[in-house]
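Colleague: Predicted model and sequence below, questions to follow.
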Amino acid sequence: MTIWDDQVQRFSPTHRVIRYDSRGFGQSTGHADITADPDDLRILLDSLGIRSAHVVGLSRGARVALNFAVAFPSRVEALVLYGLSPPEGFQPLPPGPGPVAIFAEVAKKHGLDSLGKVVWASPLVWLPADAKVQTEFKRRFDASWAKYKGRDLLDPRPPSGRVRLARVDQLDGIRAPTLVIHGDHEMPLFQVVADTVVRRIPNARKVVVPNAGHGAHFYDPKRFNSALVEFFRSVDRP
């Protein structure tokens, strides 16, 4: 949950903001299950008496948000897909194992400390040259990594299949206003995914945050938040 601290501070005065650890991550128990995550979100909203919401997701969370929008379209007033990885049916994919498979191998063979160093050196953690920004981001990264248990990589379980994963050929059925956002130094594959999603979702727009990578909301929260503010205002306007 802590990765959204800057956004909670910005949006709480004007919106009801809900953040949560998905199963198998943070303080939530259980095992990671990308097919259960959308239904978990539905149950969470039901328990809080929320009919529909602006749904925002980063990276794996963006997959959850996309799957939720396809499975439960009436519950989504607006959709923000940030740093989205390839959805089901996306082609072509680069040859060889993906980042998650590589991370899992490192975690199992060398432990989470070594994995943290690999992640820090990967394209997922592109940082601007500003030394102050780098120092602050490293502090936050280390604090978050110290809490990470690696259950999704060290003890993976087969998906339950509770919700079907959204496919590329289903994107044109999404009717919610959609913002696709990423940094200009995002990984090339994710940039191609963003372009594909914008072309296929009828009411989608794209924002590219300059001088930013996969974690733009961390080291340039002001610019990232401004993009969301403008998008939300356009959606909420009568």
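Modeller: Here it is on my side, so go on.
Colleague: Just want the phi and psi numbers for residue 220.
Modeller: Main-chain torsions, residue 220, degrees, to the nearest 10: phi -140, psi 60.
Colleague: Look at the residue nearest to it when sequence neighbours are not counted and give its secondary structure.
Modeller: Leaving aside its sequence neighbours, residue 220 sits nearest to residue 212 (CB to CB, 6 or more residues apart in numbering; 5.4 Å). In this view, the C-beta of every residue, glycine as well, is placed from N, C-alpha and C. Classification of residue 212 using DSSP: H, G, I helix; E, B strand; the rest coil returns coil.
Colleague: what do you get for residue 182?
Modeller: Secondary structure for residue 182, judged by three-state DSSP, is strand.
Colleague: State the distance from the closest residue to residue 203 other than its chain neighbours to residue 69.
Modeller: Computed as CB to CB, 6+ apart, the closest residue to residue 203 that is not its neighbour in sequence is residue 177, at 5.0 Å. According to CB to CB, to the nearest Å, residue 177 stands 11 Å off from residue 69.
Colleague: for residue 179, same thing?
Modeller: Going from residue 179 to residue 69 by CB to CB gives 12 Å.
Colleague: Just want to know which of the two has more residues nearby.
Modeller: Taking other CB atoms under 10 Å, residue 179 and residue 69 do not tie; residue 69 has more neighbours (26 against 23).
Colleague: To which secondary structure element type does the more buried one belong?
Modeller: Three-state assignment for residue 69 (three-state DSSP): helix.
Colleague: What segments of this structure are strands?
Modeller: In the chain, the segments counted as strands under DSSP state E are 53-58, 76-82, 178-183, 204-209.
Colleague: so what sits against both of residue 177 and residue 69?
Modeller: Residues touching both residue 177 and residue 69 (CB atoms under 8 Å, 6 or more residues apart in numbering): residue 79.
Colleague: is it true that residue 108 touches residue 153?
Modeller: Yes - under the criterion of CB atoms under 8 Å, residue 108 makes contact with residue 153 at 7.3 Å.
Colleague: Who has more neighbours out of these two?
Modeller: Neighbour totals were compared for residue 108 and residue 153, and residue 153 leads with 19 against 13 (other CB under 10 Å).
Colleague: what sits up against the lowest-mean-pLDDT helix or strand in the chain?
Modeller: None of the helices or strands of the chain scores lower by mean pLDDT, DSSP states H and E than helix 216-219, at a mean of 86. Helix 216-219 has contacts (CB under 8 Å, 6+ apart) with 3-4, 6-7, 58, 82, 127-128, 133, 136-137, 140, 181-183, 209, 212, 223-225.
Colleague: Give me the below-cutoff pLDDT ranges for the protein.
Modeller: The chain contains residues with pLDDT under 70 at 238.
Colleague: Let me see the contact set for the residue most central in space within the chain.
Modeller: In the chain, the C-alpha nearest the mean C-alpha coordinate belongs to residue 58, at 1.5 Å (CA atoms, centre = their mean). Contact analysis of residue 58 by CB under 8 Å, 6+ apart lists 3, 82, 83, 217.
Colleague: want to throw those into CSV with neighbour count and distance to residue 34?
Modeller: Converted to CSV, the contacts of residue 58 look like this (neighbours: other CB atoms under 10 Å; distance: CB to CB, whole Å):
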residue, neighbour count, distance to residue 34
3, 17, 18
82, 28, 17
83, 26, 16
217, 27, 21
